[in-house]
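J.: Give me the fold of what follows.
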Amino acid sequence: MLTFIVILLIVGLVAGAIARLVVPGRDPMGLLGTLGLGVVGSFVGGLLENVVFLHSLSLWSLHPSGLLGSIIGSIIVLLISRIFGGKRRRVRRV
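T.: Have a look, this model is predicted:
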């Protein structure tokens with residue numbers, strides 16, 4: 001179980017970083033934000049793979065969507081967060 005979590009975090013970090021590099025624009029998030037983006041993107045990519053290729057929605061079965069599915073899911077999550085994230089205001093310190 002611990003190995004699965006470590007691999008999930010590593011794949012999430014790589015997928016989140018690649019998604020941030022592929023999608024143009026500035027994203028004010030740090031290392032933990034990129035990690036969270038990749039982990040959520042991995043789940044989205046796996047869910048989309050189940051729906052598209054297997055024509056079923058199975059939340060507990062693991063299928064090797066791999067890094068490519070994780071990157072695609074991370075790109076989708078990043079675009080959705082940009083659409084619904086709203087405008088961020090900068091606070092000027094005097």
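J.: top helix in this protein by residue count?
T.: Of all segments of type helix in the chain, defined using DSSP state H, the longest is helix 31-53.
J.: What's the mean pLDDT across that one?
T.: Averaged across helix 31-53, the pLDDT comes to 84.
J.: Show the contacting residues for the residue nearest to Val39 when sequence neighbours are not counted.
T.: Closest residue in space to Val39, ignoring its immediate chain neighbours: Gly12 at 3.7 Å, by C-beta to C-beta, 6 or more residues apart in numbering. Yep, even glycine has a C-beta here, placed from its N, CA and C like the rest. Contact analysis of Gly12 by C-beta atoms under 8 Å, 6 or more residues apart in numbering lists Leu35, Gly36, Leu37, Gly38, Val39, Gly41, Ser42, Ser70.
J.: give the contact list for the fifth one.
T.: Which is Val39. Neighbours of Val39 in contact, by C-beta under 8 Å, 6+ apart: Leu8, Leu9, Gly12, Gly16.
J.: now the third one
T.: Applying C-beta under 8 Å, 6+ apart, one finds that Leu37 lies in contact with Gly12, Ala15, Gly16, Ala19, Arg20, Met29, Ser74, Val77, Leu78, Ser81.
J.: For Pro28, see how far away it is.
T.: Leu37 sits 12 Å away from Pro28, going by C-beta to C-beta, to the nearest Å.
J.: And the fifth one, by the same measure?
T.: If you measure Val39 against Pro28 using C-beta to C-beta, the figure is 19 Å.
J.: quick one on the thing from earlier: most neighbours among the contacts of Gly12, please name it.
T.: The most crowded member of the contacts of Gly12, judged by other C-beta atoms under 10 Å, is Gly38 (30 neighbours).
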